[in-house]
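*Asks:* I would like to see how this sequence folds:
(2 chains, ligands or ions: 2)
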Amino acid sequence: MSPVIEVRDLRKTYGAGDTAVHALRGLDLTVEQGEYIAIMGASGSGKSTLLNILGCLDVPTSGKYLLDGIDTGDFDEEQLSLLRNRKIGFVFQSFNLVPRTTALANVELPLVYAGVRRAQRRERALAALDLVGLTDRTHHRPNELSGGQQQRVAIARALVTSPAIVLADEPTGNLDTDSSREVLGILDRLNASGRTVVLITHEDSVAAHAMRTVRVVDGCVHSDGVAGVLV
Amino acid sequence: MRIFEIAAFAVRGLTANKMRSGLTTLGILIGVASVILLIAVGNGASSAVQQSIAGLGTNILTISPLRAQPGSTVKPLTTADAAALVGPDSPDVKYASPVVSAQATAGYGTTSYAISQFIGSDPRYFETTNSAVAQGNLFSDNDVQQARKVVVIGATVATQLFPGLDPIGKSMLVNNIPFTVIGVLAAKGSSGLQDADDMAVAPLTTTQNALTGYGSLTQIVVQARSADALPNAQAQVTTILNGRHKITTTPDYRILSQDQLLTARTATTETFTVLLASVAAISLLVGGIGITNIMLVTVTERIREIGIRKAVGAPRSSILGQFLIEATLLSLFGGALGVAAGLIGSQFTIAGIKPVLVPSSVLLAFAVSALIGLFFGSYPASRAAKLRPIEALRHE
Ligand SMILES: Nc1ncnc2c1ncn2[C@@H]1O[C@H](COP(=O)(O)OP(=O)(O)OP(=O)(O)O)[C@@H](O)[C@H]1O
Ligand SMILES: [Mg+2]
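*Replies:* Ligands and ions are numbered 1, 2, ... in the order given. Below you'll find the predicted structure:
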């Protein structure tokens, strides 16, 4: 079986000429089905750039990105939006919930674009909110929720479509210890149920939840190994 | 993904920020209503002028002196000219009234008022100008012969100079000469450009004595025996005046029939309408820029939201659809309210003018505003929908 994510010689350059920033410089990475990976690295090393490309939110300047063995470079905008909707769940550091919209409606959003019928949509969104422990906050708007609660809504939204991959960019970056523990617990359970999880973190305690840690330095993978044991 | 779901997003988008939606609607409303009203007022003014001219009758000729041309001499129009126009040589002329007019300041007690037209003529003048008396009497030929200091005043003068009083029998001062008010004319209303009731009429002799002096008449107003006799009357008048003024080439006077006057006035009011239309066009432009502005702000504010929607898998078409429906709803709703406001506003008299709606202006204002709203509501959104999700999310 081919790996879920396979990245070959990935490069991303922002801008051009003298001011060009080479965020990724020929990065290779393979992620197998069901893995739990932590990406670590200094600030500005290119972690978010990598994850955005993995989430099909951005396109690389050059290089190959195979998702489930299919080259995403061949996909047009319409197919990419389908990929984002069906295969990928993305969790942002800054939550990115639709403002002035209830938690329930935010979680239902991907299902609407997936064409799921109203009754089923509601049922699945409520189940996802139950999974993150927010059954009592379904009709709250983002500005009526704490940071930890907003992040849990965002995770519910990421997992409601049952995506194969969950990508999280510093999901606990804005949260206190208790909220972080809850969020990591949810990600652990997601991985235990077979989802592939890739998260970015600066903290070793967070990385300890993962099976494997990938260190990124200056846009390249510097080291790659089982948690605690660098190869 | 059905259109119904997209429409639901659009409605939720509008209701989620009622202030923003309200302001956008208001902007469109004002744009549409002001254009409709401005054009209606212009149209109302010009149709009022036309009506007031049409009311003068079709059997009238107005003779006025021309200014001297280089190399020719000009004889003034005199009372004798006017008298000579009625006689056996001109069987189709019924009357010829000599007319002088000037501005005059009238005083009563401590009140004073500048009358824009103080007219001196004979009693026939009232008939030729369709002026009916509302109160008191008109003056007689005898008053003219005796140069009695009597005056008949227009409705505006009556209310300005004698507020709350009965003007009949009162003595008003014109150039320090006391005139006795013997009658008040029925109101004719404003013609948009000038107030037809801001006038007073006194016997010719008295007026020349007190105000204008005995130089040239301002006009001679000729009434033909009938509308059909007008061309003959004009020919007879021309022959008599040419003889008296010894004209061989260009005359030193001008004869206008009511038809010509109407044409001339129509041209004036057309200019007026064009002027108003350009004001309307500018207000349409300003309104349009306002709509553009608020639509652009609205969409820019929501580019992040577009990024979020794209990140969870919204196809471009559904985002386009959502913003197109939002813009359509806002534009149609604001436009409809604007038309309603314009229609209601045109029921009121504005600055003395009764607005008359121009149906095409309603359509124009509505269509232009709706199109602008649609375009600037959906075009920036379509550009944002083309961005990669991460670009939209990072948008500031
Ligand atoms: N849109 C952009 N335009 C220009 N340069 C960018 C852009 N996004 C990122 N960069 C640059 O690319 C490099 C990598 O950025 P990236 O966000 O991937 O870092 P990161 O590893 O996620 O850092 P952090 O740990 O602080 O989040 C940085 O030098 C950054 O300045
Ligand atoms: Mg980052």
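
*Asks:* C-alpha only now, for contacts and for neighbours.
*Replies:* OK.

*Asks:* quick check, pLDDT for the closest residue to chain B within chain A.
*Replies:* Per Cα to the nearest Cα, A:N85 is where chain A lies closest to chain B, at 4.0 Å. We note a pLDDT of 94 for A:N85 in this prediction.

*Asks:* which helix or strand contains it?
*Replies:* helix A:77-86 (DSSP states H and E).

*Asks:* so B:N59 sits right up against B:Q258, yeah?
*Replies:* Yes: B:N59 lies in contact with B:Q258 (Cα atoms under 8 Å); the separation is 7.3 Å.

*Asks:* the more surrounded of these two?
*Replies:* Higher neighbour count among B:N59 and B:Q258: B:N59, with 22 against 19, using other Cα atoms under 10 Å in any protein chain shown.

*Asks:* one step back: what residues are up against the residue of chain A closest to chain B?
*Replies:* Applying Cα atoms under 8 Å, 6 or more residues apart in numbering or on different chains to A:N85 gives the contacts A:110, A:113-114, A:161, B:311-314.

*Asks:* what does B:L26 give?
*Replies:* Contacts of B:L26 (Cα under 8 Å, 6+ apart): B:G334.

*Asks:* same check on A:R25?
*Replies:* Counting by Cα under 8 Å, 6+ apart, A:R25 has contacts A:9-12, A:218-220.

*Asks:* next, the most centrally placed residue in chain B: secondary structure please.
*Replies:* Nearest to the mean C-alpha position of chain B, counting by Cα atoms, centre = their mean, stands B:A45 at 2.6 Å. Three-state call for B:A45 (DSSP: H, G, I helix; E, B strand; the rest coil): helix.

*Asks:* what's the answer for B:R309, then?
*Replies:* Going by three-state DSSP: B:R309 is helix.

*Asks:* for it, what are its contacts?
*Replies:* Per Cα under 8 Å, 6+ apart, neighbours of B:R309: A:109, B:319.

*Asks:* against A:L126, how distant is it?
*Replies:* 20 Å (Cα to Cα, to the nearest Å).

*Asks:* same check on B:D228?
*Replies:* On the measure of Cα to Cα, B:D228 and A:L126 end up 91 Å apart.

*Asks:* can you pick out the residue with more neighbours from the two?
*Replies:* Neighbours per residue (other Cα under 10 Å) separate B:D228 from A:L126, with A:L126 holding more: 21 against 12.

*Asks:* so which elements touch the host helix or strand of the more buried one?
*Replies:* When secondary structure is defined by DSSP H and E, A:L126 falls within helix A:118-131. Secondary-structure packing of helix A:118-131 (3 or more Cα pairs under 8 Å, 6 or more residues apart in numbering or on different chains; DSSP states H and E): helix A:103-114, helix A:147-159.

*Asks:* run through who's touching the longest helix anywhere in chain A.
*Replies:* When chain A is parsed with DSSP state H, its longest helix is helix A:177-192. Helix A:177-192 is contacted by residues A:34-36, A:131-132, A:148, A:151-152, A:171-172, A:197, A:206, A:209 when judged by Cα under 8 Å, 6+ apart.

*Asks:* buried subset of those residues?
*Replies:* Among those, those scoring as buried are A:34-36, A:131-132, A:148, A:151-152, A:171-172, A:197, A:206, A:209 (criterion: 16 or more other Cα atoms under 10 Å in any protein chain shown).

*Asks:* residue ranges with poor pLDDT in chain B?
*Replies:* B:1, B:50-58, B:68-72, B:189-194, B:261-262, B:264-266, B:269, B:273 (pLDDT under 70).

*Asks:* with mean pLDDT and distance to B:T128 added, can I get the helices and strands packed on helix A:118-131 in a markdown table?
*Replies:* Formatted as a markdown table, those follow (pLDDT from 0 to 100; distance: least, Cα to Cα, whole Å):
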| stretch | mean pLDDT | distance to B:T128 |
| --- | --- | --- |
| helix A:103-114 | 94 | 79 |
| helix A:147-159 | 93 | 86 |
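
*Asks:* closest to B:S171 out of the ones you listed?
*Replies:* Nearest to B:S171 among those is helix A:103-114; the distance by Cα to Cα comes to 82.9 Å.

*Asks:* now check the closest one, is it near chain B?
*Replies:* Yes: using Cα under 8 Å from any Cα of the partner chain, helix A:103-114 reaches chain B at A:109-110, A:112-114.

*Asks:* how close does the residue nearest to the centre of chain B sit to chain A?
*Replies:* For B:A45, the distance to chain A (Cα to the nearest Cα, to the nearest Å) stands at 50 Å.

*Asks:* would you confirm that that residue contacts B:A351?
*Replies:* No: the criterion here is Cα under 8 Å, and B:A45 misses it with B:A351 at 10.1 Å.

*Asks:* the helices in chain B, which residues?
*Replies:* Going by DSSP H, chain B shows helices at B:3-16, B:18-54, B:79-84, B:124-128, B:141-145, B:155-161, B:204-207, B:230-245, B:258-301, B:303-311, B:316-345, B:359-386, B:389-394.

*Asks:* look up phi and psi at A:Y36.
*Replies:* phi -130, psi 110 (degrees, to the nearest 10).

*Asks:* give the bridge partners for the most centrally placed residue in chain A, please.
*Replies:* Centroid-nearest residue in chain A, with Cα atoms, centre = their mean: A:L167, separated by 1.6 Å. Bridge pairing for A:L167 (DSSP bridges) gives the partners A:F90, A:V198.

*Asks:* distance check, the nearest residue to A:G63 once chain neighbours are set aside against A:T30.
*Replies:* Using Cα to Cα, 6 or more residues apart in numbering or on different chains and skipping the chain neighbours, the partner closest in space to A:G63 is A:L10 (4.2 Å). The gap separating A:L10 from A:T30 is 12 Å, by Cα to Cα.

*Asks:* before we move on, the earlier item: correct me, but the residue nearest to the centre of chain A touches A:R84?
*Replies:* No: using Cα under 8 Å, A:L167 is not in contact with A:R84, being 11.0 Å away.

*Asks:* quickly list what's touching both of those two.
*Replies:* Looking at what touches both A:L167 and A:R84 (by Cα under 8 Å, 6+ apart), the common residues are A:G55.

*Asks:* show me which residues of chain A sit near chain B.
*Replies:* Residues of chain A lying near chain B (Cα under 8 Å from any Cα): A:52, A:57-58, A:77-78, A:80-86, A:89-90, A:96-101, A:109-110, A:112-116, A:158.

*Asks:* quick check: A:N106 touching A:N96?
*Replies:* No: with contact defined as Cα under 8 Å, A:N106 does not count as touching A:N96 (9.9 Å).

*Asks:* who has more neighbours out of the two?
*Replies:* The residue with more neighbours, out of A:N106 and A:N96, is A:N106; 24 against 20, by other Cα under 10 Å.

*Asks:* ok, the more buried one - contacts?
*Replies:* With Cα under 8 Å, 6+ apart, A:N106 has these contacts: A:97-98, A:153, A:157.
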